[in-house]
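Structure for this input, please:
(one chain, ligands or ions: 1)
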Amino acid sequence: PDRILSGIQPTGVLHIGNYFGAVKNWVDLQNSNHDVLCAIVDLHSMTLPYDPQKLPQHILLMAASLISCGIDPEKSILFLQSEVPQHTQLCWILSTCTTLRRLAQLPQYSEKSEYLEKPLLGLLWYPVLQAADILVYKATRIPVGKDQVQHLQLANALVRTFNLKYGETFPHSKPIFNPNNAARIRSLIDPTKKMSKSFPDPNSRIDITDPPDLIASKLKLANLESTLSIVYDPQTRPGVSNLIEMHSALTGRQISEVCQEFKDFDIERYRETVTEVMVETLRPIQSEVDRLLNNKEYIISALKKGTQKATDIAADTWRSVTEKTGNHLIK
Ligand code: TYM
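Predicted coordinates for the structure are as follows:
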């Protein structure tokens, strides 16, 4: 059976791009009885400037958000990456299976370092750690947004190289994307870019914890081109198309169905319709986040249990890796 793994950085709050692009799929897979691991990848979030004082709070909020979105810590393994040392150990071994040149070619490195005066080594290395996250559990299906495709290709290239060098050890993995075309939700302000936590303007994204009036004001500011009608054409009308994709993801209905039903609406009325659906969908998630944040002990104990289960699997893999790579003499 497939083992499913995904990761999310505890930077700020979950936005609806993360929710539709990734988390909702994790929940659906969990609820159809798949074996799911969800990593809060705190080590990855250190590759861009961050505040260590705030990190614990961000981890707590991310765990609360994931549970509120439907991740059940009794069914899935919800854990903290930095507490499972085999991730960084395997990351080192994998970094001897690729080249500097290959890493420097990955688009996320150049996109993220564009804003930085001194991009860190960790930013370049980021995808190798991501590959280790996957390989250390021998995961085979990875539910992610479309922005992660190149990282998953690198992970598979590392599988190939490792297996050639040391013998068949790791399985290849495949991505799973959101079926409602929401695998790449775009920025509300500049719909040619993806919605992102690291983009400075908070009006460019909707966080799952945004209260109703803030959701309304952000959607009011959303760039919808000067369109009058509800036309789905991501190339020439990325803003309206983004709104339609969000609507489709919110309701679980096909893009064509949504367009058909609302074809007589003017754009302002349509904007209000989507706002209402968004507010109503996020309302129960938000009250669950509030409730959980009042019960920190529960979240921490859930994370600890998940981290223990993850460590048991990762330790097994690490043992077999050291046997193959010749580091096992004193084991
Ligand atoms: P992160 O935290 O940046 O994003 C978490 C997930 O959200 C998806 N996503 C989006 N999907 C649709 N539209 C968007 N605008 C959008 N923005 C983000 C991302 O594709 C991701 O699935 N590198 C990963 C974290 C990671 C990981 C892993 C993922 C670390 N190790 C192992 C899978 C397997 C990331 O960027 O997370």
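
going forward, measure contacts between C-alpha atoms and count neighbours the same way
Fine.

Spell out which parts of the stretch 151-300 of the chain neighbour the ligand.
Neighbours of the ligand within the stretch 151-300 of the chain, by C-alpha under 6 Å from any ligand atom: 182-186, 194-196.

hmm, try it at 5 Å
183-185, 194-195 (C-alpha under 5 Å from any ligand atom).

Check which helices and strands the lowest-mean-pLDDT helix or strand in the chain sits against.
Among the helical and strand segments of the chain, the one scoring lowest on mean pLDDT, DSSP states H and E is helix 107-113, with a mean of 89. Other elements packing on helix 107-113 under the criterion 3 or more C-alpha pairs under 8 Å, 6 or more residues apart in numbering; DSSP states H and E are helix 121-135.

The longest helix along the chain packs against which elements?
Ordering each helix of the chain by length in residues (DSSP state H) puts helix 296-325 first. On a contact count with 3+ C-alpha pairs under 8 Å, 6+ apart, helix 296-325 meets helix 55-68, strand 77-80, helix 86-95.

so where's the stretch 151-300 of the chain shaky on pLDDT?
Along the stretch 151-300 of the chain, the parts satisfying pLDDT under 70 run over 181-182.

Compare the residues of the stretch 151-300 of the chain next to the ligand and tell me which has the most neighbours.
Of all these, residue 185 has the most neighbours under the rule other C-alpha atoms under 10 Å, reaching 28 neighbours.

From residue 64, how far out is the nearest residue to that one once chain neighbours are set aside?
What sits nearest to residue 185 in space, not counting adjacent residues and going by C-alpha to C-alpha, 6 or more residues apart in numbering, is residue 17, at 5.1 Å. Distance, residue 17 to residue 64, by C-alpha to C-alpha, to the nearest Å: 18 Å.

got a list of what residue 25 touches?
With contacts defined as C-alpha atoms under 8 Å, 6 or more residues apart in numbering, residue 25 is in contact with 143, 177-178.

quick one: which of those is nearest the ligand?
Taking C-alpha to the nearest ligand atom as the measure, the ligand lies nearest residue 143 of the contacts of residue 25, at 6.5 Å.

about what we covered before: among the contacts of residue 25, which are in strands?
Those of the contacts of residue 25 mapping onto strands are residue 143, per DSSP state E.

Which of the contacts of residue 25 are buried? Put it as a PyMOL command.
Those of these that count as buried under 16 or more other C-alpha atoms under 10 Å are selected in PyMOL with:
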select buried, resi 143+177+178
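
TSV for the contacts of residue 25, including distance to residue 27?
Formatted as TSV, these follow (distance: C-alpha to C-alpha, whole Å):
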residue	distance to residue 27
143	10
177	13
178	12
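
tally of neighbours for the residue nearest to residue 185?
Neighbours around residue 17, by other C-alpha under 10 Å: 25.

what do you get for residue 277?
Residue 277: 15 neighbours (other C-alpha under 10 Å).

just the one 3 residues further on next, same as before
When counting by other C-alpha under 10 Å, one arrives at 13 neighbours for residue 280.

same deal with residue 96?
Using other C-alpha under 10 Å: residue 96 sits among 11 other residues.

repeat for the one 5 residues further on
Residue crowding around residue 101 was assessed by other C-alpha under 10 Å; the count is 8.

Kindly report the same for residue 109.
17.

got the contact list for the spatially closest residue to it that is not a sequence neighbour?
The shortest distance from residue 109 to any non-neighbouring residue, by C-alpha to C-alpha, 6+ apart, is to residue 124 (6.0 Å). Residue 124 sits next to 103-104, 109 when contact means C-alpha under 8 Å, 6+ apart.

mind listing the helices for the protein?
16-18, 24-31, 55-68, 86-95, 100-104, 107-113, 121-135, 149-166, 212-221, 238-251, 255-261, 267-293, 296-325.

Could you measure from whichever residue of the stretch 201-331 of the chain sits closest to the ligand over to residue 327?
Closest to the ligand within the stretch 201-331 of the chain is residue 205: 8.6 Å, counting by C-alpha to the nearest ligand atom. When distance is defined by C-alpha to C-alpha, residue 205 is 47 Å away from residue 327.
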